[in-house]
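Enquirer: sequence first, then the predicted structure, then my questions.
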Protein chains: 2
Amino acid sequence: MPSPTRTTNEEVVAAAREIVETAGAAGLTMQAVAERVGVRAPSLYKRFADRDALLVAVTEAAIADLTERFEAAAPSLPRLAAAYRAFAKEHSEAFRLMFTPSAPQEALQRSAEPVIRAAAARVGEEHALDAARLLTAWATGFLQMELAGAFRLGGDVERAFEYGLSHLLAGIEQDG
Amino acid sequence: MPSPTRTTNEEVVAAAREIVETAGAAGLTMQAVAERVGVRAPSLYKRFADRDALLVAVTEAAIADLTERFEAAAPSLPRLAAAYRAFAKEHSEAFRLMFTPSAPQEALQRSAEPVIRAAAARVGEEHALDAARLLTAWATGFLQMELAGAFRLGGDVERAFEYGLSHLLAGIEQDG
DNA sequence: ACCTGAACACCGTTCAAGT
DNA sequence: ACCTGAACACCGTTCAAGT
């Protein structure tokens, strides 16, 4: 007799996201996830090929979350930057996963679209991609360094972020 | 009777670095390191408190390597940027480790000094730190994205790096 | 059809015992 | 003084057996 399904992919990914955020990617064990959704570890392999596939699903869910925030913040570039920073702070572990070779690139491309459109409104279609990449690279590096503790000494991080952002926005507008 | 030492901390770290670079941080097992230096895994705990301490030592050695390259490239900002990119490509796994909360921040601060001095020569002492951070954050984010495959589509990565760099250098020089 | 216990290979780590 | 085998707890993963 067929057993009724005891959990769902969504529930598994949600549990995995919580574990990743509280215990880090290294803390994501199949047993911990299984316990959280009320099954045994081997059952998870019916849904995800292996631990790595689950980790990719976690990354993808995080990217979808970020994309929503971007869409809500667009087309203001300062608000996009603030949304990015807020996301990185709330989901620092998932943020790190996004810059791993196994991250789903199509999802990342989609998340970048609001940024590219906002850049286009500011500097025109022709330079939109370059401008968006400049801003994204800077913000990504800044947040990565901030999360790693690189700014622990050396003054007001808030102010440094605002300084960098306004500087880049001004620079981007004036040429091509 | 005292046994003669069969390996050294330096040899252990060197072996660990090779493993990290070929198999990734996840591939760094105490047994693999031990085999490489000709001892058994438990012996490594005489030298490093645990696997994490060894990983920190690997990160620190990589930062020392980067610092040497920076010192050789200074005070040219384009050469510093090129050195950073070359390092990231040759030691992509260690590069990622550098932006982890457990990375040794004092070593990272030291590695940043040639960049800050080069920035000072370009924009003056007063804005050197801000300028160096702007450049470093951008380059770090760019390389992180490049290594993750974010630029797999979308044209000439080389050109995009040069574009971003020259744009930032021009922007940095003109104001404060 | 879905779930599980049992099993396997592998890992980090400790420690008493060897030299 | 340094090294090791043996052991423990834990992990990912597979699979035959349950319902």
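Expert: Perfect, I can see it now. Numbering: from 1, shown residues only, chains lettered A, B, ... in the order given.
Enquirer: from now on I want contacts and neighbour counts done on CA atoms only, so please keep to that.
Expert: Noted.
Enquirer: got the residues of chain A near chain B?
Expert: A:99-103, A:105, A:108-109, A:130, A:134-142, A:144-145, A:147-150, A:160, A:164, A:167-168, A:171 (C-alpha under 8 Å from any C-alpha of the partner chain).
Enquirer: name the element A:F87 belongs to?
Expert: Using DSSP states H and E, A:F87 sits in helix A:77-90.
Enquirer: what does that helix contact?
Expert: Residues outside helix A:77-90 that contact it (C-alpha atoms under 8 Å, 6 or more residues apart in numbering or on different chains) are A:66, A:69-70, A:73-74, A:95, A:115, A:118-119, A:139, A:143, A:147, A:165.
Enquirer: ditto for stretch A:59-71
Expert: If you take C-alpha under 8 Å, 6+ apart as the criterion, stretch A:59-71 is touched by A:13, A:80, A:83-84, A:87, A:94-95, A:97-98, A:103-104, A:107-108, A:110-112, A:114-115.
Enquirer: what do you get if the cut-off is 6 Å, keeping everything else the same?
Expert: For stretch A:59-71, the surrounding residues in contact (C-alpha atoms under 6 Å, 6 or more residues apart in numbering or on different chains) are A:L80, A:A94, A:S111.
Enquirer: mark which of the residues of chain A next to chain B are buried, thanks.
Expert: Neighbour-count burial (16 or more other C-alpha atoms under 10 Å in any protein chain shown) is assigned, among the residues of chain A next to chain B, to A:99-100, A:103, A:105, A:108, A:130, A:134-142, A:144-145, A:147-150, A:160, A:164, A:167-168, A:171.
Enquirer: what does chain A put close to DNA strand D?
Expert: A:1-3, A:28-31, A:41-43, A:45, A:49-52 (C-alpha under 7 Å from any atom of the strand).
Enquirer: one more time with 10 Å
Expert: Within chain A, the positions adjacent to DNA strand D are A:1-4, A:25-34, A:40-46, A:48-55 by C-alpha under 10 Å from any atom of the strand.
Enquirer: which PyMOL command selects the buried ones in the residues you listed?
Expert: A single PyMOL command selects the buried members of these (16+ other C-alpha under 10 Å):
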select buried, chain A and resi 25+28+30+32+33+34+44+48+54+55
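Enquirer: let me see the ranges of the helices in chain A.
Expert: A:9-23, A:30-37, A:51-73, A:77-90, A:92-97, A:105-123, A:125-148, A:157-174 (DSSP state H).
Enquirer: so where is chain A shaky, pLDDT-wise?
Expert: For chain A, the stretches with pLDDT under 70 are A:1-2, A:154, A:175-176.
Enquirer: mind putting the helices of chain A into JSON lines with distance to DNA strand C?
Expert: As requested, the helices of chain A are exported to JSON lines (distance: least, C-alpha to the nearest atom of the strand, whole Å):
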{"stretch": "helix A:9-23", "distance to DNA strand C": "10"}
{"stretch": "helix A:30-37", "distance to DNA strand C": "8"}
{"stretch": "helix A:51-73", "distance to DNA strand C": "14"}
{"stretch": "helix A:77-90", "distance to DNA strand C": "27"}
{"stretch": "helix A:92-97", "distance to DNA strand C": "21"}
{"stretch": "helix A:105-123", "distance to DNA strand C": "27"}
{"stretch": "helix A:125-148", "distance to DNA strand C": "21"}
{"stretch": "helix A:157-174", "distance to DNA strand C": "33"}
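Enquirer: how about the residue nearest the centre of chain A, nearest residue that isn't a chain neighbour?
Expert: Nearest to the geometric centre of chain A sits A:F95, at 4.1 Å (C-alpha atoms, centre = their mean). Closest residue in space to A:F95, ignoring its immediate chain neighbours: A:A88 at 5.5 Å, by C-alpha to C-alpha, 6 or more residues apart in numbering or on different chains.
Enquirer: and A:Q109, by the same measure?
Expert: Nearest residue to A:Q109 in three dimensions, chain neighbours excluded: B:A150, at 7.9 Å (C-alpha to C-alpha, 6+ apart).
Enquirer: A:R85: how many residues sit nearby?
Expert: Counted by other C-alpha atoms under 10 Å in any protein chain shown, the residues lying close to A:R85 total 20.
Enquirer: phi, psi of the residue of chain A found nearest DNA strand D?
Expert: In chain A, no residue comes nearer to DNA strand D than A:T29, which is 3.2 Å away by C-alpha to the nearest atom of the strand. The phi/psi pair for A:T29 (degrees, to the nearest 10) reads phi -110, psi 150.
Enquirer: need the contact list for A:R17.
Expert: A:R17 makes contact with A:V58, according to C-alpha under 6 Å, 6+ apart.
Enquirer: what distance do you get for it to A:F95?
Expert: Distance of A:R17 to A:F95, given as C-alpha to C-alpha, to the nearest Å: 12 Å.
Enquirer: which residues are in contact with both of the two?
Expert: Common contact partners of A:R17 and A:F95 (C-alpha under 6 Å, 6+ apart): none.
Enquirer: phi, psi for A:S102 please.
Expert: phi -90, psi 0.
Enquirer: ok, and the closest non-adjacent residue to it?
Expert: Distance criterion C-alpha to C-alpha, 6+ apart; nearest residue to A:S102, sequence neighbours excluded, is A:V56 at 6.9 Å.
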